[in-house]
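J.: Sharing a model prediction with you, sequence too.
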Amino acid sequence: AQRVTQPEKLLSVFKGAPVELKCNYSYSGSPELFWYVQYSRQRLQLLLRHISRESIKGFTADLNKGETSFHLKKPFAQEEDSAMYYCALSSPGAQKLVFGQGTRLTINP
Amino acid sequence: GAGVSQSPSNKVTEKGKDVELRCDPISGHTALYWYRQSLGQGLEFLIYFQGNSAPDKSGLPSDRFSAERTGGSVSTLTIQRTQQEDSAVYLCASSFEGGPYEQYFGPGTRLTVT
C-alpha cells in the first residue's frame, strides 16, 4: 500500500536557521514525489517535485530510495516560509496524489 | 487565465440533506480530481476524472458520494443524506493530463453538517 508519513505535525525554527521537513514513504516501485505548500489564506500549490531536480524559493528535496525519504530542506529559513507543507506521492500509471498529514512550519523572527 | 474555481465557498447543511459542490477546472485541463481535507485525516483522494469518465473512484467513502463531469469541464460532487462526519473542506484540482503533472488546486468548499 502507498503511504506517506510526515512525522512532525508542527515545526518551529528561528529566521536564518536551517530547516528540514521530513517525509518518508512506503511504496515498492519508483514513485513520483512532490512537496505542496499552503500559505495562510492561499490555496494549495506545488512547491517542487523530485523529477525536476530544481530549487524553488531556496528549498531542495532529494529522493533517497534506500531510506524511502524525500526530506525538504532550506539552509536559511525566512519568515515568509511559514506555511503548511504536504509531501505527496504518485505511483506510475496512477493519477491520484497520496498526501502525508502535513507539517505546519513556523519561522520565528 | 483563471485558476480552478469552486462553489460555494462555504456550505452549512442539516444532517440528512443532500448537497452539491461544483468545480470549474482550468480551461484545457483534461484531468480533474476531488480531494477531502478533514481534521485528523489530512488530504484524502476521492475521485479522478479523465475527460468525462472516472477511471478511479477508489476514494469515495460510501455510496452516498457521487460525482460527474460534463463537457470535459465542470464537475459536481454530490453527497446524499449528509452525515456529521462528512464535514470537511472539499478540494478540487485539475491538471493538463493525468499522471505526474502539477495539479492546480481550487480554494475549496468548506462543508459543515449540523
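T.: It's in.

J.: shouldn't A:Pro92 be in contact with A:Gly29?
T.: Yes - using Cβ atoms under 8 Å, A:Pro92 is in contact with A:Gly29, at 6.5 Å. For glycine as for every other residue, the C-beta is placed from the backbone atoms N, C-alpha and C.

J.: Around chain A, which positions in chain B sit nearby?
T.: B:3-4, B:31, B:33, B:35, B:42-45, B:48, B:50, B:55-56, B:58-59, B:91, B:93, B:98-100, B:102-108 (Cβ under 8 Å from any Cβ of the partner chain).

J.: just to revisit the earlier point, looking at A:Pro92 and A:Gly29, which one has more neighbours?
T.: The neighbour count for A:Pro92 versus A:Gly29, taken as other Cβ atoms under 10 Å in any protein chain shown, is higher for A:Pro92 (11 against 8).

J.: Could you check how far the more buried one is from chain B?
T.: Distance, A:Pro92 to chain B, using Cβ to the nearest Cβ, to the nearest Å: 8 Å.

J.: so who does that residue touch?
T.: A:29-32, B:100 (Cβ atoms under 8 Å, 6 or more residues apart in numbering or on different chains).

J.: And these, which is closest to A:Phe76?
T.: A:Glu32 (28.1 Å; Cβ to Cβ).

J.: Can you tell me which residues in chain A are near chain B?
T.: Checking chain A against chain B by Cβ under 8 Å from any Cβ, the hits are A:32, A:43-46, A:49, A:51, A:86, A:88, A:90, A:92, A:94-102.

J.: ok, back up a step: output the contacts of A:Pro92 in CSV; the columns should cover pLDDT and secondary structure.
T.: As requested, the contacts of A:Pro92 are exported to CSV (pLDDT from 0 to 100; DSSP: H, G, I helix; E, B strand; the rest coil):
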residue, pLDDT, secondary structure
A:Gly29, 81, coil
A:Ser30, 83, coil
A:Pro31, 87, coil
A:Glu32, 89, strand
B:Pro100, 68, coil
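
J.: Who wins on neighbours among those?
T.: A:Pro31 (24 neighbours).

J.: State the pLDDT value of the closest residue to that residue other than its chain neighbours.
T.: Once flanking residues are discounted, A:Pro31 sits nearest to A:Leu89: 4.7 Å by Cβ to Cβ, 6 or more residues apart in numbering or on different chains. A:Leu89 carries a pLDDT value of 93.

J.: Might one say that A:Leu89 is in contact with A:Ala1?
T.: No - the criterion here is Cβ under 8 Å, and A:Leu89 misses it with A:Ala1 at 11.2 Å.

J.: Of those two, which one has the most company?
T.: In this view A:Leu89 and A:Ala1 are compared by other Cβ under 10 Å, and A:Leu89 has more residues nearby, 22 against 6.
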